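> Return a 3D structure for these sequence lines:
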Amino acid sequence: MNDPAVQQAAREALALRQNLAHDPHRPQYHFIAPGNWLNDPNGLIQWNGRYHMFYQYNPRGAFHGTIHWGHAVSDDLVHWTDLPIALAPTPGGHDAEGCWSGCAVDNGGVPTLIYSGVFPQTVCLATGSKDLIAWEKPSTNPVIAGPPAEIRDASGGHFRDPFVWRVNGQWHMLMGSKVDGAGGLVLLYRSDDLVEWQYVGPLLQGDVNQTDPFWTGTMWECPNLLDFGRRQALIVSAQATHAEFLYPFYASGHFDGSRFAPEIQGVLVHGGPSCYFYAPQAMCADDGRYLLWGWLREGRSEQLSIEAGWAGVMSLPLVVSMELDGRLCVEPVEELASLRREHWRFENIALSDGTDMLLDGVIGDTLEIVARFEMASGGEFGLKLRASPDGREYTRLMVRPAEHQVVINRDHTSLNEDQDRDLGAAPIPPLANGALTLHIFLDRSVVEVFVNSGMSSQVSRIYPSLSDSLGIGVFSRGGSAHLLSLDIWQLASIW
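The predicted structure is shown next:
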C-alpha cells in the first residue's frame with residue numbers, strides 16, 4: 001500500500017515492536033499489538049482474499065481505557081501487517097468513551113463495522129473505503145440507543161458486542177446482555193438496511209442458578225452464531241461480575257430464525273474459573289472454514305503490564321468444527337506449519353514411576369510440540385515446559401488418567417510471581433486407539449494445549465524469571481507411562 005498514512009502507521013508500529021522485542025515474555029508467533037493494550041478480536045473479515053483483524057486497543061498505555069479499534073491484515077493467517085487505527089472515539093459522540101467490540105460485514109460492496117458505543121452502551125456503524133483503511137461514522141448513529149424496553153431496567157444498561165450476518169436478504173444481529181438476578185441473555189434483532197432495527201426477542205436466556213454442567217454466569221458477552229447445517233452453535237463469553245471474566249462456552253442446537261433451542265453445552269476453551277482465553281470471535285472464510293480468535297489475558301498485575309509496555313495477546317488462529325453429537329472442536333490452522341524450523345523427534349520412551357528428566361539438546365521458548373502417550377490407568381505423567389537446568393523453575397503439563405484430566409500446573413512456574421497452581425482441568429475426550437495426543441504451542445508466556453484433535457483445549461499464561469528456563473522434560477509419578485512419540489519444532493517469529 002502506497003498511501004503515506006499507511007506507510008507512516010507501519011513505521012510507527014515497527015518502531016514500537018522493535019522497542020519491545022527484548023522482552024522475554026512477549027510472544028513471537030501469536031498476533032500481538034505493536035505495544036500498549038489489546039483485548040477482544042473484532043471485525044474479522046476476509047476482503048478481496050485478505051484476512052482483516054480489528055481489535056480493542058488503547059494507544060495510550062498497557063491498560064484498559066480509551067478504546068480504539070486497532071487493525072492488521074494478513075495474506076496467510078500467519079504473518080500480519082499493521083495498518084492505521086480504524087476507529088477512534090469521537091469527542092461528544094455516542095462512542096466518546098470508547099469504541100467497544102463488534103463485527104464487520106460486506107453490505108453490497110461497502111465494508112461496514114457494527115460496534116458498541118459507550119457510555120451508555122449503544123450500537124453504532126462505520127463505513128469504510130474499498131481498502132478498509134479509511135472509516136466514516138454516519139449521522140444515523142446510534143442505530144440502536146440501548147436495551148429493549150422490557151429489560152432496560154433489569155439489564156443495568158449492559159448491551160454490547162453486536163454480531164451480524166445476512167440470510168435471504170435480511171440482516172440479523174445478536175447482542176449480549178443480562179437480566180439482574182436471572183442470568184445472561186442474548187438478544188435478537190432484524191433489519192433490511194443495517195440502520196432501522198426491529199427487536200425480535202431473546203434468542204437464549206441463561207439461569208444464574210445453573211451449575212450443571214457448569215455455571216453460565218450473570219452476564220453474556222460477545223455472542224457468535226455458527227451454522228453447521230445439521231445444527232447451529234451459539235458461543236458466548238460469561239462474566240461472574242463486571243470485573244470477573246469466566247470462560248467462553250457454547251450451546252449446540254437449532255436456530256429457527258427467532259429462538260435457539262439448545263441440546264448440549266460445553267466450555268469452548270478451559271483455563272479455570274477465570275479463563276485466560278476470553279471473548280472469541282469467529283468468521284466464515286472464503287474456503288468455508290470457521291476461523292476463530294480469542295483474547296489471551298495477562299496473568300500478571302496491571303502494574304507489571306504497564307511497566308512492560310504491553311498487555312494482551314491474540315490466540316492462535318483456530319478452526320472451529322462440530323462433531324456428529326454437537327460438540328465443538330477447536331484446532332490451530334494448518335498454515336502455522338509454515339513456521340516450523342529445527343525439529344527433534346523421540347520415540348518409544350518408557351516412563352517408569354519416578355521418571356523426571358530433561359530431554360538432551362532440546363531447548364526453546366517458541367515451540368510446537370506433539371506428544372502421543374499410551375494411556376495409563378493411574379498416577380500422573382506428562383511434560384515439563386520452560387524448565388531450568390537446576391530444577392527450580394518449570395511448568396508441568398499433567399495427565400491425570402484417573403480423573404480423565406489434563407492440567408497445567410504452575411506451582412514452580414516463576415520464582416518471582418505468585419500464580420495459581422492448577423488451572424481448571426481440560427477433560428480428556430474419548431481416545432483414538434488408546435492413544436492420547438497433546439498438541440502444545442509454547443510461545444514465551446503463552447501455553448495453548450489441544451487434546452486429541454481439539455476435542456478439548458486449555459490455555460495458560462506463564463512468566464518464568466530465569467533466563468535459562470528453556471528446557472523440555474518428561475515425568476511420571478505414582479505409576480508408569482509410555483511416550484509413543486514426541487515431535488518438537490522450533491517456530492519462527494511472525495514479525
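
> Quick one: find the helix or strand in this structure with the lowest mean pLDDT.
helix 4-20 (a mean of 91; mean pLDDT, DSSP states H and E).

> so how many other residues sit close to the residue nearest to Q405 when sequence neighbours are not counted?
Of all residues not flanking Q405 in the chain, A425 sits nearest, at 3.7 Å (Cβ to Cβ, 6 or more residues apart in numbering). Yep, even glycine has a C-beta here, placed from its N, CA and C like the rest. Neighbour count of A425, defined by other Cβ atoms under 10 Å: 19.

> What are the neighbouring residues in contact with A425?
H270, R400, E403, Q405, V406, V407, Q458 (Cβ atoms under 8 Å, 6 or more residues apart in numbering).

> ok, how many other residues are close to the fourth one?
Put plainly, it is Q405. What Q405 shows, counting by other Cβ under 10 Å, is a neighbour count of 20.

> same thing with the last one?
Q458 is surrounded by 29 other residues when neighbours are defined as other Cβ under 10 Å.

> picking that back up, give the buried residues for the following helix or strand past the least confident helix or strand of the chain.
On the C-terminal side of helix 4-20, the closest following helix or strand by DSSP states H and E is strand 36-47. Neighbour-count burial for strand 36-47, with 16 or more other Cβ atoms under 10 Å as criterion, is recorded at N36, W37, L38, N39, D40, P41, N42, G43, L44, I45, Q46.

> swap in stretch 222-230?
C222, P223, N224, L225, L226.

> Redo the residues you listed as a markdown table? Include pLDDT.
Shown next, in a markdown table, are the buried residues of stretch 222-230 (pLDDT from 0 to 100):
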| residue | pLDDT |
| --- | --- |
| C222 | 98 |
| P223 | 98 |
| N224 | 98 |
| L225 | 98 |
| L226 | 98 |
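
> Closest to A308 out of those?
Checking those against A308 by Cβ to Cβ gives C222 as the nearest, at 25.8 Å.

> Helix, strand, or coil at that closest one?
With DSSP: H, G, I helix; E, B strand; the rest coil as the basis, C222 sits in strand.

> which residues touch it?
D40, S101, D161, F163, G176, I235, V236, S237, P248, A279, P280, Q281.

> would a markdown table of these with distance to D193 and pLDDT be doable?
Putting those into a markdown table (distance: Cβ to Cβ, whole Å; pLDDT from 0 to 100) gives the following:
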| residue | distance to D193 | pLDDT |
| --- | --- | --- |
| D40 | 26 | 98 |
| S101 | 22 | 98 |
| D161 | 21 | 98 |
| F163 | 18 | 98 |
| G176 | 23 | 98 |
| I235 | 27 | 98 |
| V236 | 27 | 98 |
| S237 | 29 | 98 |
| P248 | 31 | 97 |
| A279 | 28 | 98 |
| P280 | 28 | 98 |
| Q281 | 23 | 98 |
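
> List the contacts of the spatially most central residue of the chain.
Note on the chain: the residue nearest the mean C-alpha position is G294, at 1.3 Å, using Cα atoms, centre = their mean. Residues near G294 by Cβ under 8 Å, 6+ apart: P41, P248, V269, F277, Y278, A279, P280, M314, S315, L318, V459.

> Go through the residues you listed and flag which are in strands.
P41, P248, F277, Y278, A279, P280, M314, L318, V459 (DSSP state E).

> residue contacts, the fourth one?
Same thing as Y278. D40, S237, F245, Y247, P248, G294, W295, R297.

> again, only this time at 6 Å
S237, F245, W295 (Cβ atoms under 6 Å, 6 or more residues apart in numbering).

> By neighbour count, which of these wins?
Within the contacts of Y278, S237 tops the neighbour count with 29 neighbours, counted by other Cβ under 10 Å.

> Direction-wise, compare the host helix or strand of it with strand 36-47 and give the angle.
In this structure, S237 sits in strand 232-241 according to DSSP H and E. Per axes from the mean of the first three to the mean of the last three Cα atoms, to 10 degrees, the angle that strand 232-241 makes with strand 36-47 is 170 degrees.

> how's the chain carved up into domains?
25-332, 340-491 (automatic domain parsing).

> got the end-to-end distance for the longest one?
Chord length of domain 25-332, first to last residue, is 21 Å (Cα to Cα, to the nearest Å).

> in the sheet, who's paired with the nearest residue to N409 once chain neighbours are set aside?
What sits nearest to N409 in space, not counting adjacent residues and going by Cβ to Cβ, 6+ apart, is R396, at 4.3 Å. On the basis of DSSP bridges, R396 is bridged to K384, N409.

> Against Q232, how distant is the residue nearest to Q405?
The gap separating A425 from Q232 is 28 Å, by Cβ to Cβ, to the nearest Å.

> okay, now A182: neighbour count?
15.

> Likewise for Q170?
13.

> what bridges to it?
V167.

> And the pLDDT for it?
If you check Q170, the pLDDT there is 97.

> try the one 4 residues further on
L174 carries a pLDDT value of 98.

> Test my guess that it contacts V186.
Yes: L174 lies in contact with V186 (Cβ atoms under 6 Å); the separation is 5.4 Å.

> Please enumerate the shared neighbours of those two.
P223.

> right, and the secondary structure at L225 would be what?
strand.

> Please name the nearest non-neighbouring residue to it.
L234 (5.6 Å).

> That neighbour and F159, how far apart?
Counting by Cβ to Cβ, the gap from L234 to F159 is 18 Å.

> Tell me which of these two has more neighbours.
The neighbour comparison of L234 against F159 (other Cβ under 10 Å) goes to F159, with 26 against 23.

> Could you pull up phi and psi at the more buried one?
Torsion angles at F159 (phi, psi; degrees, to the nearest 10) stand at phi -170, psi 90.

> Mind jotting down where the strands sit in the stretch 251-400 of the chain?
Using DSSP state E, counting those that start in this stretch, the strands of the stretch 251-400 of the chain run over 260-267, 277-284, 290-296, 310-311, 313-314, 318-322, 328-332, 340-351, 356-363, 366-374, 380-387, 395-400.

> Can you lay out these as CSV showing distance to V447?
Listed next are the strands of the stretch 251-400 of the chain as CSV, based on distance: least, Cβ to Cβ, whole Å:
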stretch, distance to V447
strand 260-267, 17
strand 277-284, 11
strand 290-296, 10
strand 310-311, 17
strand 313-314, 12
strand 318-322, 15
strand 328-332, 13
strand 340-351, 18
strand 356-363, 16
strand 366-374, 10
strand 380-387, 7
strand 395-400, 7
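
> L20 is nearest to which of the ones you listed?
strand 310-311 (5.8 Å).

> Run me through the strand neighbours of that closest one, direction for each.
Assessed with DSSP bridges, strand 310-311 is paired to strand 36-47 (parallel).

> between the strand it pairs with and helix 4-20, how big is the angle?
130 degrees.

> Name the next helix or strand following strand 36-47 along the chain.
strand 50-58.
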